[in-house]
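Visitor: whatever this is, show me its structure:
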Amino acid sequence: MKAIWRDEVIAESDRILEVDGYRYFPRESVRMELLQRAPKTQSDLACPHGVQFYDLATDAARSERAAWSYEAPRARMKEVDHWIGFWNDVQVE
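Guide: Here you go, the predicted model:
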């Protein structure tokens, strides 16, 4: 599977995990140089899984909070510990 943003592949792996309808990529398959940590909101701080959102950014474009990772997951989310999920204008196919 691939995660595509603005016609550019930003993640690619055959080891995708799907949890609650979202697909997660192992961190090593993601072009992490395109992700910048987003400031945490009150909602983020309340998340029991230690969510960290990321903005996607290149010189030409930016997409705020287009990716996330659970950095202190509990229970069923442990299988995607530190994996990266995408949404908004990122296509996963």
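Visitor: name all residues that make contact with Gly50.
Guide: Listed by CB atoms under 8 Å, 6 or more residues apart in numbering, the contact partners of Gly50 are Tyr70, Glu71, Ala72, Pro73. Any C-beta I mention is one placed from the backbone N, CA and C, and that applies to glycine too.
Visitor: pLDDT below threshold where in this protein?
Guide: Scanning the chain for pLDDT under 70 picks out nothing.
Visitor: show me where it has strands.
Guide: With DSSP state E as the criterion, the chain has strands at 2-5, 8-12, 17-19, 22-25, 35-37, 51-57, 62-70, 84-86, 91-92.
Visitor: so of the ones you listed, which one's packed in deepest?
Guide: With neighbours defined as mean count of other CB atoms under 10 Å, those peak in mean count at strand 84-86, which reaches a mean of 25.
Visitor: ok so, going back, for the contacts of Gly50, which PyMOL command selects only the ones that are buried?
Guide: Per 16 or more other CB atoms under 10 Å, the buried members of those correspond to this PyMOL selection:
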select buried, resi 70+73
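Visitor: out of the contacts of Gly50, which is nearest to Val92?
Guide: Tyr70 (17.1 Å; CB to CB).
Visitor: so how far is Glu28 from that closest one?
Guide: 16 Å (CB to CB, to the nearest Å).
Visitor: Ala61 now?
Guide: Counting by CB to CB - Ala61 and Glu28 are separated by 24 Å.
Visitor: in TSV, list the contacts of Gly50 along with distance to Gly85.
Guide: Output for the contacts of Gly50, formatted as TSV (distance: CB to CB, whole Å):
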residue	distance to Gly85
Tyr70	8
Glu71	12
Ala72	15
Pro73	12
